[in-house]
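A.B. asks: Build me a model from this:
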Amino acid sequence: MKITASIVTYNNSETIEKCIESLLKETGNRGYKFRLYIYDNASTDITPELLSGYSDRVKVIYGDTNKGFGYGHNYIIKRVRSDVHFVINPDIYIEEDILGEMAEFLKYNAETGLITPKILNTDGTLQPIPKYGPSIRYSFIGNLPGFKWLRRKYSRFDEDLSEATEIEFCTGCFFGGRTDYLKKLHGFSPEYFIYCEDSDLSKKVLKDEHNIIYYPYVSAYHNWSRDNTRHFRGFVRFIRSLIIYFNKWGWKF
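C.D. replies: Numbers count the residues shown, from 1 in each chain. Down below sits the predicted model:
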């Protein structure tokens with residue numbers, strides 16, 4: 001089996017080295033071949049300098065402008081030749097070979113379009129990643145003060161998800177799929193610069209009558225130290241992406 005993974009970076013100098021090092025250390029121990037592809041969206045910090053130090057099992061592509069999260073991953077997905085491909089955020093790190101295990105699941109479950117692991121905070125607590133698709137009540141009301149319970153419902157936080165479970169939403173911070181299937185779907189839809197591209201991809205998978213599997217037997221750490229939606233520019237981008245998503249897939253309360 002051949003496994004590839006892609007990371008899209010933009011000013012991620014604080015986390016990218018730990019991410020890369022963990023992937024290179026933990027992957028490839030089950031006898032499969034692994035190669036990591038990184039697309040840098042014209043970072044203005046020292047990220048390009050850090051990336052220049054990698055060569056073994058790592059291919060770095062330097063963009064001349066920031067064309068967004070989905071564009072970078074699509075650039076790589078179109079070009080890789082592998083059996084399974086993973087999309088990974090630069091603020092992720094792993095402590096075991098979870099890529100190999102999830103790839104094995106995909107190998108024997110043809111009906112599964114995407115698979116995502118348990119996502120943890122760096123202190124080991126469970127990160128409340130959404131598992132239902134976006135809706136007005138989850139995406140808007142759930143972020144208001146006093147509606148934390150709605151956010152917990154959005155992530156199915158209080159349900160027993162100790163076994164592999166079908167979900168509606170696959171987080172873009174870490175997931176895998178068969179490479180040929182991701183190519184068939186044409187990766188992420190180009191109308192999103194950032195935010196909701198993972199929701200859109202999840203919808204495409206479900207519409208194609210494949211399932212999305214939450215695979216809690218393995219976990220990854222997500223160093224989610226900042227929320228760009230707290231800044232005006234990020235908030236505007238988030239709202240714009242939500243409007244694009246709801247206009248495309250329907251305004252669900």
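A.B. asks: Show me where the protein has its strands.
C.D. replies: With strands called from DSSP state E, the chain shows them at 2-9, 33-40, 58-62, 84-88, 92-93, 112-120, 165-167, 174-178, 211-222.
A.B. asks: Which residue, other than its chain neighbours, is closest to Ala103?
C.D. replies: Val84 (4.2 Å; C-beta to C-beta, 6 or more residues apart in numbering). Just so you know, the C-beta spots here come from the backbone N, C-alpha and C atoms, and that holds for glycine as well.
A.B. asks: Looks like the one you found contacts Thr27 (just checking).
C.D. replies: No: counting by C-beta atoms under 8 Å, Val84 does not reach Thr27; the two are 11.4 Å apart.
A.B. asks: Can you pull up the most central residue in the chain?
C.D. replies: Nearest to the geometric centre of the chain sits Gly172, at 2.3 Å (C-alpha atoms, centre = their mean).
A.B. asks: which residues touch that residue?
C.D. replies: The contact partners of Gly172, by C-beta atoms under 8 Å, 6 or more residues apart in numbering, come to Phe69, Val87, Asn89, Glu197, Asp198, Leu201.
A.B. asks: go on, Asp200?
C.D. replies: Phe188, Ser189, Tyr192, Tyr245, Lys248, Trp249.
A.B. asks: can you rerun that using 6 Å?
C.D. replies: Ser189, Tyr245 (C-beta atoms under 6 Å, 6 or more residues apart in numbering).
A.B. asks: before we move on, what about the one 3 residues further on?
C.D. replies: Listed by C-beta under 6 Å, 6+ apart, the contact partners of Lys203 are Trp249.
A.B. asks: ok, it to Pro128 distance?
C.D. replies: Relative to Pro128, Lys203 is positioned 21 Å away (C-beta to C-beta, to the nearest Å).
A.B. asks: repeat for Pro216
C.D. replies: 14 Å.
A.B. asks: List the contacts of the longest helix along the chain.
C.D. replies: Across the chain, the longest stretch assigned as helix under DSSP state H is helix 232-249. Helix 232-249 has contacts (C-beta under 6 Å, 6+ apart) with Ser139, Glu191, Tyr192, Ile194, Tyr195, Cys196, Ser199, Asp200, Lys203, Asn228, Thr229.
A.B. asks: again, only this time at 10 Å
C.D. replies: With contact meaning C-beta atoms under 10 Å, 6 or more residues apart in numbering, helix 232-249 is reached by 68, 133-136, 139-140, 143, 189, 191-197, 199-200, 203-204, 207, 226-229, 231, 251-252.
A.B. asks: okay, how far is it across stretch 180-195, tip to tip?
C.D. replies: 24 Å (C-alpha to C-alpha, to the nearest Å).
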